[in-house]
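Undergrad: return a 3D structure for these sequence lines:
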Amino acid sequence: MSRRQGPPKHQNKFAWKPNAGRKINENELGGKFKPLSEITGVCQKCKDQIDWKRKYGKYKPITEPAKCQKCGKRAVKQAYHSICGACSKELGQCAKCCCRVNQTVGRDIAKIESEKKQLEEAITNARERERRTLLRAMNKGNGGTGPSVPKIADRSREGDIFPATSVDEYAKAARDDDDAYDDDDVSDDDIVCA
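TA: Numbers count the residues shown, from 1 in each chain. Predicted coordinates for the structure are as follows:
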């Protein structure tokens, strides 16, 4: 008896999607406004396993913090992890399979929380226009694909927002930009009717 070689006899036309016919609430965990947390503190093999569970609808998010297997505290805040982030970092182990690893995947949770705090402070200290711009960019979740939002915390004074020191310089720069566009205009002789 011989085995069949080559591609499958009936190849799928499109990839299988979990919950294809079910509408997902955007405000639920895993939706548009509450995405699943970043996978951190695990080795690459465990990260791939968790990614697979997320991709094929088998992932169950954790509802309340679990006990750490090393220190006994209720500090495990990510699903499928068996030890907390502090113990994982201290012992140099994967938080899921507890094997020794030189480098774990993802960023440190403490750094992420401090960045969130700084962002919230920047939003509260910002002007209304900048605050709405930041909130719009955060809700859109563009991830750097669109125009970059200027960092408000890095600004030292109000003059950094406006590129020109005076209104005359701004008007001159605007006129120069208009002249550049006028040179590119198409003349009537270039237009051909079909």
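Undergrad: burial of V76, as a residue count?
TA: Residues within reach of V76, counting by other C-beta atoms under 10 Å, total 23. Backbone N, C-alpha and C define where each C-beta goes, glycine included.
Undergrad: tally of neighbours for the residue nearest to it when sequence neighbours are not counted?
TA: Closest residue to V76 apart from its sequence neighbours, by C-beta to C-beta, 6 or more residues apart in numbering: A66 at 4.1 Å. By the criterion of other C-beta under 10 Å, A66 has 18 neighbours.
Undergrad: show me the contacts for A66.
TA: Counting by C-beta atoms under 8 Å, 6 or more residues apart in numbering, A66 touches 74, 76, 81.
Undergrad: for these, give me JSON lines that also has pLDDT and secondary structure.
TA: Shown next, in JSON lines, are the contacts of A66 (pLDDT from 0 to 100; DSSP: H, G, I helix; E, B strand; the rest coil):
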{"residue": "R74", "pLDDT": "95", "secondary structure": "coil"}
{"residue": "V76", "pLDDT": "94", "secondary structure": "strand"}
{"residue": "H81", "pLDDT": "95", "secondary structure": "coil"}
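Undergrad: worst mean pLDDT across the helices and strands of this structure, which element?
TA: helix 167-183 (a mean of 61; mean pLDDT, DSSP states H and E).
Undergrad: now the residue nearest to V76. Its backbone dihedrals?
TA: phi -100, psi 170 (degrees, to the nearest 10).
Undergrad: could you check how far it is from R132?
TA: A66 is 39 Å from R132, where distance means C-beta to C-beta, to the nearest Å.
Undergrad: same deal with D48?
TA: According to C-beta to C-beta, D48 and R132 sit 39 Å apart.
Undergrad: also N19?
TA: Applying C-beta to C-beta to N19 and R132 gives a distance of 33 Å.
Undergrad: and those two? Which one has more around it.
TA: Neighbours per residue (other C-beta under 10 Å) separate N19 from R132, with R132 holding more: 12 against 9.
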